[in-house]
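[1] model this:
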Amino acid sequence: MVSLMRFRKMLYMEPIKCSSLGFQYFEPKNSEKKESQNILSSRVKNEKRSQEKQWRCIDYWFWMIGYVCTTWWLFCFLCRFLPGFQHVPDSPGVRLSSEGVTALHPVVLVPGIVTGGLELWEGRPCAEALFRESLWRGSFAEILKRPLCWLEHLSLHNETGLDPPGIRVRAVPGLVAADNIASGYLCWAVLIENLAKIGYEGKNLYMVAYDWRLSFQNTEIRDQALSRLKSTIELMFVTNGYKKVVVVPQAMGATYFLHFLKWVETPLPMGGGGGIGWCDKHIKAIMNINPAFLGVPKAVSNIFSAEDNDVAFVRSMASGILNLGYLSLQTLEHVMRVCRTWDSIISLMPKGGETIWGNLDWSPKDRNNCDHEKKGPAKHFASDGSQYSSYMQKGLQLKESIDHGRIFSLGNAVSELTDSHVTPLDSEGILWKSNSDTFNLSELLLWTEYDEMIRESIRKVGKKKVYTERTPFDLLNFVAPKMMKRAEAHFSHGIAENLDDPKYAHYKYWSNPLETRLPNAPDMEIYCLYGVGTPTERSHAYKLSHSDKCNSIPFQIDNSADGERDHCLQNGVYFVDGDERVHVISAGFMCAKGWRGRTRFNPSGIATYLREYKHKQQGIQSGESDNVMGNVALVEDVLRVAAGAKGEDIGGDRIFSDIMRISERINLTL
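    Here you go, the predicted model:
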C-alpha cells in the first residue's frame, strides 16, 4: 500500500525540465501540492468504499441463509414462549391415555405396495458392499450411486415372477420396515407412536413383512409369508390373554389381507388349513386404510406408459429430468422395465369392469365435476339420513357434467366421444418381431415389450380411440403379453355369477372381493377408512409419441388435453373425488353396498362401517393418501377400536362423499 501511495504521489508532481547544463527539479507550489493531496485522499476513500460494497455471490447466499435461520429461530421462540402461540393440541394417544384408554387387543399392521423396506441378501458384483443394506426405503442414495445396478436388483424374473438367478432381495422385518419410507411421506410412524402412548409395544404390536413386488400367492411359495402371518396372529392371540387381534391393512395391503382371509381357512396344500371359524376366533376387526379393493385406474397407465399425473407434470415442466444421460437410456423406459416384472401391480388393476366403473355412455359418478376454486357450504348425508355441511375449500363441487366411464382415450378431441363414434379394438394385423425372448439386464438391454412390436402395429393399436374398463386387458395383452400371462395365473378382475362354482376355490380369485366370499365370522367387523375431497386420477388422454426410436415408449399423456364441457379433464388427466390415489368407489363400495348386511359376498353378515376423512389441510387434518395416516381422527378411530370399542361406539358411519348414492347406481346382484 505504501508503494502504491508513492507511485500515485509521483503522478501529481511537475515534470522534470532539462537544460544544456543538466537536469533541474522544480517543486510544485504549496496550493497545487495541497490540491493534489486532497484529490489523492478522496480517491483512496472512494476506492475503499467501493470495495466494501462489492459483494460476491457467496456473500448473498450466506446472508440469505442467516436471515432464514434467524427468522425460523424467532418463530420457534414465539411458538414456545408467547401465550398466544403456546397451545399445541395433544396427540390422540396422549389424550386418550389421559381418559383411561389402554391397550387391549393386539394389533397387526399390513403395509401396502412400496411402503415396506427391501434389503439385499445376494446380488451381482456391482452390489458387493450392499449386503443386508436397504434397497428400498430411506434416502434412496443408491439410486444416485449405481442406478442401473439398483434397478437390476429390484427387478423380478420376467417369466416366473420370482428371483432372477443370483439375486435375492427380501422384506425387512419389524416395525422399522415401514414406519417412514421417505421425507414428507407419513407412513406408519405416527400411528405406531400413538399406539405406544396407550401401552402398545413389541409383544402386542406387529408389522407384517412381505415382499410387495410378488403376487400374493408367491409370497407364500417363496417366503412362507402367509404361514408366518397365521402363526403370528395365533401367538399374539394366546400370549395376550386370548384377546382377538385388530388388523390394520393399508392400500394394497387390504387386498393382500383379503387374500389371506380366504387362504387361512382353505385346506392344505393350497391354503393354510385353519378351517372354517379360524377368522371368527382370532380376529376382532379389520380396519382398512385407503383400501384399493376394486383397484385404481391409474394402474393401467402405469403399465401402459409408466406415467401418471405426477410424471406427466414433470415431463411437461422439465422433460430433461426424465431423459437423464446419467442413466444411459431414458428414465421412464427403465421404470417400465422394472415395474412390468412386479406382479403385485396387476392386483391394482380395476375390478368389476363396466358394471362398477361405467362405459362410454354411463358412469355411476356422472354428476360430479371438479372445481379447484373455493366453494360455499356443500351438503352431505350420513348413513342414517341426517344432514350436515362442511366448507369445501379445495376439492369437488357437485354439478352436472358429461358421463365418463372411459379409462383413457387417444387425443383431446376424442376424450368426450360417445360409444357410437369409437373405433373398435381390432387384434388383426398386430405384428411382432421374432427372436425377441431375451431379457438381460446385465447387458443393459431395454425391455419394455413395446420393442417386440412392429411400429406399424403400434399405430394400429392407436386407432382404437377410447378404452373403458372392459378393454384395457385386451390392450395390455398386446403391449405387455409376458406380464399379462403371469397376471392371468395369479389374479382375476371380473364379477362372479355363481360363487359356488368350483373354479372360485383357486387362489387367483381370492384378492377380488367380487369373486370371493368373506369368512364365516359374524362377530368380526370390517372398516373402510379413507380420505376424500382431493382430486384423484380417473382416466387419461394419450397421444402417440413423435419418437420412432426403438428404445422409447410410443404413447404419452397429452398435457394439452382439456375438457371443454367437463372441467375434470385437465392437462390430459380426468379427476374425480378420492384421496389423490384411490377412487371413492374402490375404497368405499364394498363397505357401502357389496358387504353391507347379508349378501352373497358376505353370507354371515359381518358388520361394515364407512369412516371418511375430509381433506382440510396438510398434517393432522389431511385426507391425502400420502398423509392420511397422520390424520388425528383416523388415528383416534384405530386406537379406540384397538382398545375395545365397536363401530357403534365410535359413531358408526362417517360419510362426506357421494359414495352411498354412487353405490345405489351400480347395478350389482347381491
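[2] shaky segments in the stretch 201-350 of the chain?
    Where the stretch 201-350 of the chain drops to pLDDT under 70, the residues are 309-330.
[3] helix or strand right after the longest strand belonging to the chain?
    Using DSSP state E to define each element, the chain has its longest strand at strand 534-544. With elements assigned by DSSP states H and E, the helix or strand that comes after strand 534-544 is strand 555-557.
[4] Output the contacting helices and strands for that next one.
    The contact analysis (3 or more CB pairs under 8 Å, 6 or more residues apart in numbering; DSSP states H and E) places strand 555-557 against helix 298-305, helix 309-317, strand 534-544. Any C-beta I mention is one placed from the backbone N, CA and C, and that applies to glycine too.
[5] what's next to the shortest one, contact-wise?
    By that I understand helix 298-305. Helix 298-305 is contacted from outside by 307-309, 332, 336, 339-340, 345-346, 348-350, 407-408, 472, 475-476, 479-480, 483, 537, 540, 542, 553, 555-557, 581, using CB atoms under 8 Å, 6 or more residues apart in numbering.
[6] Next, the angle strand 534-544 makes with that helix.
    Helix 298-305 and strand 534-544 are oriented at 30 degrees to each other (axes from the mean of the first three to the mean of the last three CA atoms, to 10 degrees).
[7] do you know how far the closest residue to residue 539 other than its chain neighbours is from residue 202?
    Once flanking residues are discounted, residue 539 sits nearest to residue 574: 4.4 Å by CB to CB, 6 or more residues apart in numbering. Plainly put, residue 574 is 45 Å away from residue 202 if you go by CB to CB, to the nearest Å.
[8] ditto for residue 287
    20 Å.
[9] Could you check which of those two is surrounded by more residues?
    residue 287 (25 against 8; other CB atoms under 10 Å).
[10] bridging residues for that one?
    residue 527 (DSSP bridges).
[11] residue contacts, it?
    Contacts for residue 287 (CB under 8 Å, 6+ apart) come out as 246-249, 527, 529, 637-638, 641.
[12] can you tell me which of those lies nearest to residue 278?
    Among the contacts of residue 287, residue 247 lies closest to residue 278 (CB to CB), at 13.2 Å.
[13] What strand or helix carries that closest one?
    Counting by DSSP H and E, residue 247 is found in strand 245-249.
[14] likewise residue 493?
    Using DSSP H and E, residue 493 sits within no helix or strand.
[15] does it really touch residue 348, like I thought?
    No: judged on CB atoms under 8 Å, residue 493 makes no contact with residue 348 at a distance of 10.1 Å.
[16] Of those two, which one has the most company?
    More neighbours surround residue 348 than the other of residue 493 and residue 348, with 26 against 23 (other CB under 10 Å).
[17] So the more buried one versus residue 300, what's the distance?
    Going from residue 348 to residue 300 by CB to CB gives 9 Å.
[18] now do residue 642
    Noted for residue 642: a distance of 36 Å to residue 300, by CB to CB.
[19] Tell me which of these two has more neighbours.
    Just comparing residue 642 and residue 300: by other CB under 10 Å the higher neighbour count belongs to residue 642, 27 against 24.
[20] you'd agree residue 149 is in a helix?
    Yes: counting by DSSP: H, G, I helix; E, B strand; the rest coil, residue 149 falls inside a helix.
[21] Chain neighbours aside, what residue packs nearest to it?
    In this structure, residue 149 finds its nearest non-sequential neighbour in residue 126, 3.9 Å apart by CB to CB, 6+ apart.
[22] per-residue pLDDT, that neighbour?
    Listed pLDDT for residue 126 reads 88.
[23] Counting neighbours, what do you get for it?
    14.
[24] And for residue 67?
    The local packing count at residue 67 equals 10, with neighbours defined by other CB under 10 Å.
[25] Please list all residues in contact with it.
    Under the criterion of CB under 8 Å, 6+ apart, residue 67 has no neighbours.
[26] where's it relative to residue 108, distance?
    49 Å.
[27] just checking, what packs against the strand holding residue 247?
    Partner elements for strand 245-249 (3+ CB pairs under 8 Å, 6+ apart): strand 107-110, helix 225-239, helix 252-265, strand 283-289, helix 632-642.
[28] Can you tell me what sits against the longest one?
    Contacts of helix 225-239 with the rest of the structure, by CB under 8 Å, 6+ apart, involve 106, 108, 171, 203-204, 206, 208-211, 219-220, 243-245, 260, 263-264, 272, 274, 281-283.
[29] Understood, closing this out.
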